[in-house]
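# quick one, structure for this:
(one chain, ligands or ions: 1)
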Amino acid sequence: MQSDTIKVYHRCGGCGKKQVFINTGKFRVNANGDRIDVWLIYRCKKCKHSWNLAIYERKKLAKITPEEYRLFMENDSELADKYGNDIAFLKRNSAEFK
Ligand SMILES: [Zn+2]
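Model (predicted):
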């Protein structure tokens, strides 16, 4: 299931040019000691090349609530929609809009 959020454009590493990227509604979580990285995964509409947008990078695990962590692990669709419509988050990741 994919989220229908803001349409973003990004230079695709697979196509070699700017394409529309779709919010997959899936998170990628990488815990390393007491630090955590979380990304929201987008995919090129054309070639399915993935693009991970950083939500947290090297964030202290203690600063995230267990509830939030659980939502990331369960690929919560509401949370994926929330980030997918978060302009500041998208801009931080150099996403382009029309
Ligand atoms: Zn592509």
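# C-alpha only now, for contacts and for neighbours.
Fine.
# which residues make contact with the lengthiest strand in the chain from outside it?
In the chain, ranked by residue count with DSSP state E as the criterion, the top strand is strand 18-32. Residues from elsewhere that reach strand 18-32 (Cα atoms under 8 Å, 6 or more residues apart in numbering): 1-5, 7-12, 36-46, 61, 72-73, 75-77, 80-81, 84.
# grab the nearest non-local neighbour of the residue nearest the centre of the chain.
With distances taken as Cα atoms, centre = their mean, L40 lies nearest the centre of the chain, 1.7 Å away. With Cα to Cα, 6 or more residues apart in numbering as the criterion, L40 has its nearest non-adjacent residue at 4.6 Å, and that residue is F27.
# so how far is D37 from that neighbour?
Look at F27 and D37: by Cα to Cα, to the nearest Å, they are 10 Å apart.
# likewise P66?
Note on P66: its distance to D37, by Cα to Cα, is 15 Å.
# who's more crowded, the two?
Between P66 and D37, counting by other Cα atoms under 10 Å, D37 is the more crowded of the two (17 against 11).
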